[in-house]
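K.L.:
Here is a sequence with its predicted model. Questions after.
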Amino acid sequence: MKNSFFKKGGKDKESKDIKDKTSKKENLISMSKDYKKVIYTNEKTNIEFKIEYISSLVDEKIIQKSALPYLLEKEFTKITDIKEILPIAEVEISEDPKQIEERLFTGFVVLTISSNKEKFCFFSAQKEIGRNISVPEVEFSVIGPKEAFVETLEQNLNLIRKRLPVKELIVEETTVGQLSKTKVAIIYLQGVVDDENVNTVKQRINDIKIDQITDSSFIGQIISDNRNSPFPQVLDSERPDRVAAVLSEGKIAVIVDGSPHALIAPTTLIEFFSSFEDYLLNWILASFFRVIRLFAVAFSILVTPLYVATLTYHYELIPQDLLSILITSRRVIPFPPILEVLFLELTIELLREAGARLPTKVGQTIGIVGGIVIGTASVEAGLTSNVLLIFVALAALASFTTPVYRIGNTIRLLRFPFLLLAELWGIIGIALGFSLLLTHLIRLTSLGRPYLEPIYPTRLVDFKDSFIRLPLDAQRKRPLYLRSESPKRMNPKGNKKKDIDE
Amino acid sequence: MKSIETILIMAIFTLFLSGCVEKEILDDINLIDGIGFDYVDGKKIRGTIVFPIFIKDKPPENRVLTGESLLKKEILQDIQLQAADPIVTGSMEVVLFSKELATKSGITELMDPFQRDPGVGSGIYLAVVEGETKELFEGKYGVRGNSTHISDIIDENIRNEDLPKTNLQIFLADFYSEGKSPFMPIIKKKSKDVVELTGVSFFNKGKLVETISSDKMFFFKLLVDKYSEGLHRVKIEEGEAAIRSIRSVHHYKLIKKNPMEVEVTIDVQGIINEFNGDKMYPNLERKLNKQFEKEINQECLALVKNFQEKNIDPIGFGHFVKTQIRGFDYKKWHESLYKDLVVKVKSNVEVTEAGVIQ
Amino acid sequence: MSVNIPVTNKISPFLVFYLIHTMQVGVGMLGFQRIIATYAGTDGWISVLLTGVILHILMWMMYKMLAIVDGDIVTVHNYIIGKKATKIVCIPIILYFCLFAISVLRTYIEIIQVWMFQELETFWFALIYLLLVIYIIYGGFRTIVGIAFFSIVLPIYILVLFLFTVPFADFSNLLPIFDHSIGDILKGSRNMTFTVLGFESILLFYPFIKNPKKSHKYAHLAILFTTIVYLYICILTFSYFSENQLQKNTWPTLTMWKIIRLPFVERFEYIGIASWFLLILPIIAISIWGTSRIIKQVYSIRQRRSVLVISLLCLIGICIPTTRSEINMVTDLTAKIGFYFCYIYVPILFVATLIKKKVKKS
């Protein structure tokens, strides 16, 4: 707040400059092709008036149909009359010339009467160009709602409001970015959310000093507690259902105009491994999938480092029956295990990167097929062993099981330091890497709330929705770490169970 | 706060230059999985190592190298001169001693490196070889390599047959125990591709002093292993039956202190695997039981007597008596008490099933 | 000299359980069985029980004492002998905690050098380890407690793996009970000190507990748990090894792990040693943190700086002993000082606090 860049200094000082500036600005504005200035005369009162707008931002149909007919045919003498004759909801009268520019570039039409240049009238005629709501592509789910956020803030708010039609849902809006003037909405449920969290978010967003914001991830990166961490500290989601659900838990969502991803904070590490689909399934299935996902992640990070460690240092660990397989597949390979692994891991990363840049989903398929071809070829050429190929492929596969895209990237990155440490000191090196990672995670916070909750600090009740997801009955209380103002979300269970045959 | 992270990362990078440790890359080392010791003369011993050379889709080939020296590690050095890759001991499976060596010079000194070397596991098998270990290793047995094959034979016989539980750990525990003497299985090269378990050998202070043949092993196992399985043939007038003991329990009881008297009760539960007589009838089962009990009593007692004569105690009477008497003096025990120990064997056999036919 | 800690930096009472338990279970657990068996033979497990009882009494004393002054060991000294004298008396305590960290880390490095990497450079390993520790300490006490928590929770599976030794164990080894004199058992108990040391760290972090009174039972629970763990390992060790064989093994626990065979891991001790990396991490962290905390309180030196100096001292201390016997000397020294500190100095402090309290009242 204190560092807000809209300096609302004393009016007197500025009023002198304003006139020169407005004229300068007008010149600047008129340089653009899409700046339109038209002068009309009212038929009844013969008052001459001028409308200005940016044609690329304004829907000219609105001007043609809902504004001009009234302005030309209905009686008005003063600028204040316009409010009554125009059938448009957003009509404002102002005397502040500074607003002109701001309004012009947010899709308003500025109307001035030639006789009185002190006052302005703005009415909105924004052009709504944007894509329609579509199916979520990043967080796809087989069952459940199939709508995703789009790039328009209003539409996104609409999607959330529809799911939480209560007055407690507060949407606060600010603007961020000296150039981009991006609208940022902070959304929370009053009475459920912890005010401290809201204040932290507001303060951090208001403190942002940046010229341009193109996506919510900018904000996400800037408001993170530790910007040097590979771990994302705010969750981003493109699903309105997920956002509505976490809002009702007491979290805060931030939606940025022009970004189809809402940010959710505070968050925990565990949350990155839970898919929204988990809540749509029976709790036993959901828990099973979550556990599988966690194993997949552990596997994905550790399998290749363990391969390097055991093959380079700890041959004793390998069971007798596996020895022959490993040795025969490695014998022809000229490289030490670390190079072999790095080669394959980097190949997979290349394929993923290439697949992501290719235009369609077909690109990904080609990428995977290419991976298999390259993999098999490199085994045949004696560059890598086939056992390793399986491990690397599985590890890559496992890293894609994470429901949140961002954490998948983190996991793939984490593998490399572990690999180097494994090459250095074998499993002691892996233990070192693990300790480092653990310390980093313990130190990490999201909006000042511990990142590793509920594991540490241990909150046994919050385990109901972490590694496993207990039935909805068990989810009567909101997560503890959110310090919600009303911790209960459901009434306690009613009657006792009936006896047999009652 | 940031600085410590940077320092840490930088330190780890410097480590790559200076903190490295010696690598043992799996395919650049010779993993010996068996080692054998033979007698040369009073001072020298000959060591034979065997390591598998793995070939794709084929049983591994065995490479045998030998060296002569005074110490085990020196033998390895000697052998290393012949090998292209470093020889490592971490995946050892069997250690063999020739009978001649075990009898003449003993194995005490040879045991030390196996305990000292952190690479050697505790679950490896030790065995005495009738004949030369080198010769034995030069055969070609099974599809999984010689050492694995030998260890599989021992493993199988412990699990389902008459060999009492043994491995390096158990041997060492007995070896260092004052109240028990260690034992090892005996194996023999029967032909070019067959190895056979022929019995059990007993040690006294690291020297082989006694052996028993495989048919006595069943009784020895009854006495030593708390729970055991095994197969024994019982002969009665009506025919011969093979009885598999599926569960046997032994109990030791000190009944008298002066002179010491220990009662061993053995309960055997068995099933009839095979009977070559005409017909089974109810009485026959009882008869078999009785005969089996008689044999157990006789044979076990004979074994104990024999051990007492040779002054070895593989069953662990000394250890048992020690647990019963506070302030027990092993010195006296070894001097006289063990020889005068009276052992009684009682057994209860219960044959429960006779298979699917009458 | 206030010990006012912001509430946000304080920890829940139940975490005291992890802190005390983790401080006690360190490298000592890998080799204490041999040491007690030297004196008490297979009756050593009685020594373990006895030690447990003594620790409970000491813990009770420390809690009483700290509750009276409502602070840490520095406050206790201030309370009894005044600020000036404290400045001198605290020096040996600082040195003791440094020595404790040194001997734990040096022993661990030795284990790695013997079991895994003969050529591992003590200096480099210690340097990296201490840097990691500093990284933890800079995260504040909550981070240290977090590491303590994980260092108990994650390797807990090892306790289950000890059961792999049962098929090879002969429990009659433990018989006859009380074959040794009380004196021998007491000696065994005394020589176990190094293994159970660490519980005295409560003297350092007591002011960081949110509701110290409530944490009292958790501290006792921790000691109880430690005793049970040691008893469990002790009984398994004595039945696994024969008495003379046990004397041959420097680290019986590691030797016992050699028998563990899992379908995917042929030999477990290497993984065990790697797990110990995490297990001793909080010990070093708490020792160094505690030392810097005393320094801050007594000499008002910023912890950020003193932690670096102490770590440097520890690094030097770790590099000095090189052979088995020298390392042994260091641990013996630590054990001796620890013994006198916990078993004699702490009771004296306790009595002095009580007397002082009476005097102040009247």
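P.N.:
Now that the structure is in, tell me what you want to look at.
K.L.:
Distance from the chain centre to the strand or helix carrying residue C:98, please.
P.N.:
Using DSSP states H and E, residue C:98 sits in helix C:73-115. Chain-centre distance of helix C:73-115: 12 Å, with Cα atoms, centre = their mean, to the nearest Å.
K.L.:
so after that helix, what's the next helix or strand?
P.N.:
helix C:122-138.
K.L.:
Enumerate the positions of that following helix that are buried.
P.N.:
Within helix C:122-138, the residues that qualify as buried by neighbour count (16 or more other Cβ atoms under 10 Å in any protein chain shown) are C:122, C:124-138. Where you see a C-beta, it was placed from the backbone N, CA and C, and this is true even at glycine.
K.L.:
between that helix and helix C:73-115, what angle do the directions make?
P.N.:
Angle, helix C:122-138 to helix C:73-115, by axes from the mean of the first three to the mean of the last three Cα atoms, to 10 degrees: 140 degrees.
K.L.:
how about helix C:122-138 as CSV, C-alpha atoms only?
P.N.:
Output of helix C:122-138 as CSV, limited to C-alpha atoms (Å, rounded to 0.1, in the frame of the first residue of the first chain):
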residue,chain,number,x,y,z
THR,C,122,37.2,-36.3,7.0
PHE,C,123,37.6,-32.7,6.3
TRP,C,124,35.3,-32.5,3.3
PHE,C,125,32.6,-34.6,4.7
ALA,C,126,32.6,-32.6,8.0
LEU,C,127,32.6,-29.4,6.1
ILE,C,128,29.6,-30.3,4.1
TYR,C,129,27.9,-31.7,7.0
LEU,C,130,28.5,-28.6,9.1
LEU,C,131,27.3,-26.3,6.3
LEU,C,132,24.1,-28.3,6.2
VAL,C,133,23.8,-27.9,9.9
ILE,C,134,24.3,-24.2,9.7
TYR,C,135,21.7,-24.0,7.0
ILE,C,136,19.3,-25.8,9.4
ILE,C,137,20.2,-23.6,12.3
TYR,C,138,19.7,-20.4,10.3
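K.L.:
Now do it: everything it contacts.
P.N.:
Applying Cβ atoms under 8 Å, 6 or more residues apart in numbering or on different chains, the contact partners of helix C:122-138 are A:432, A:435-436, A:439, B:1, B:4-5, B:7-8, B:11-12, B:15, B:18-19, C:105-106, C:109, C:112-113, C:143-144, C:147, C:281, C:284-285, C:288-289, C:292, C:303-304, C:307-308, C:311, C:314-315, C:318-319, C:322.
K.L.:
Quick one: buried ones out of those residues?
P.N.:
Counted by 16+ other Cβ under 10 Å, those give A:432, A:435-436, A:439, B:4-5, B:8, B:11-12, B:15, B:19, C:105-106, C:109, C:112-113, C:143-144, C:147, C:281, C:284-285, C:288-289, C:292, C:303, C:307-308, C:311, C:314-315, C:318-319 as buried.
K.L.:
Show the contacting residues for the residue in the stretch 251-362 of chain C positioned nearest to chain B.
P.N.:
When distances are taken as Cβ to the nearest Cβ, the stretch 251-362 of chain C reaches nearest to chain B at residue C:258, 3.9 Å away. With contact set as Cβ under 8 Å, 6+ apart, residue C:258 has these partners: B:120, B:121, B:122, B:123, B:169, C:267, C:268, C:269.
K.L.:
filter those residues by proximity to chain A?
P.N.:
Filtering those for proximity to chain A by Cβ under 8 Å from any Cβ of the partner chain leaves B:121, C:267.
K.L.:
Of the contacts of residue C:258 - the most surrounded one?
P.N.:
Compared across the contacts of residue C:258, residue C:267 has the highest neighbour count, 27 neighbours, by other Cβ atoms under 10 Å in any protein chain shown.
K.L.:
Give me the secondary structure label for it.
P.N.:
At residue C:267 the chain is in coil, as set by DSSP: H, G, I helix; E, B strand; the rest coil.
K.L.:
who in the stretch 101-250 of chain C is up against chain B?
P.N.:
Residues of the stretch 101-250 of chain C lying near chain B (Cβ under 8 Å from any Cβ): C:114-121, C:124-125, C:127-128, C:131-132, C:134-135, C:138, C:167-168, C:170, C:172-173, C:175-176, C:178-179, C:240-245, C:248-249.
K.L.:
thought residue A:342 was touching residue A:419?
P.N.:
Yes - counting by Cβ atoms under 8 Å, residue A:342 touches residue A:419, with 6.8 Å between them.
K.L.:
Which of the buried ones among the contacts of helix C:122-138 fall in helices?
P.N.:
A:432, A:435-436, A:439, B:4-5, B:8, B:11-12, B:15, C:105-106, C:109, C:112-113, C:143-144, C:147, C:281, C:284-285, C:288-289, C:292, C:303, C:307-308, C:311, C:314-315, C:318-319 (DSSP state H).
K.L.:
farthest-separated two in the buried residues of helix C:122-138?
P.N.:
C:122 and C:138 (24.1 Å; Cβ to Cβ).
K.L.:
For chain B, what's the nearest residue on the stretch 51-200 of chain A?
P.N.:
Taking Cβ to the nearest Cβ, the stretch 51-200 of chain A has residue A:200 as its residue nearest chain B, at 19.4 Å.
K.L.:
where does that residue land in three-state SS?
P.N.:
Quick answer, by three-state DSSP: residue A:200 is helix.
K.L.:
For it, which non-adjacent residue is spatially closest?
P.N.:
Leaving aside its chain neighbours, residue A:200 sits nearest to residue A:447 (5.1 Å; criterion: Cβ to Cβ, 6 or more residues apart in numbering or on different chains).
K.L.:
burial measure for that neighbour, as a count.
P.N.:
Using other Cβ under 10 Å, residue A:447 is surrounded by 22 other residues.
K.L.:
Residue A:230 versus that one, what's the distance?
P.N.:
Residue A:447 sits 18 Å away from residue A:230, taking Cβ to Cβ, to the nearest Å as the criterion.
K.L.:
Got the domain ranges for the chain?
P.N.:
Using chain A here. Domain segmentation of chain A under automatic domain parsing yields A:11-124, A:153-267, A:279-449.
K.L.:
Not quite, go with chain B.
P.N.:
Chain B breaks down by automatic domain parsing into domains covering B:21-213, B:226-358.
K.L.:
and the shortest one, is it in reach of chain C?
P.N.:
It stands for domain B:226-358. Yes - using Cβ under 8 Å from any Cβ, domain B:226-358 reaches chain C at B:319, B:320, B:322, B:323, B:324, B:325, B:326, B:327, B:328.
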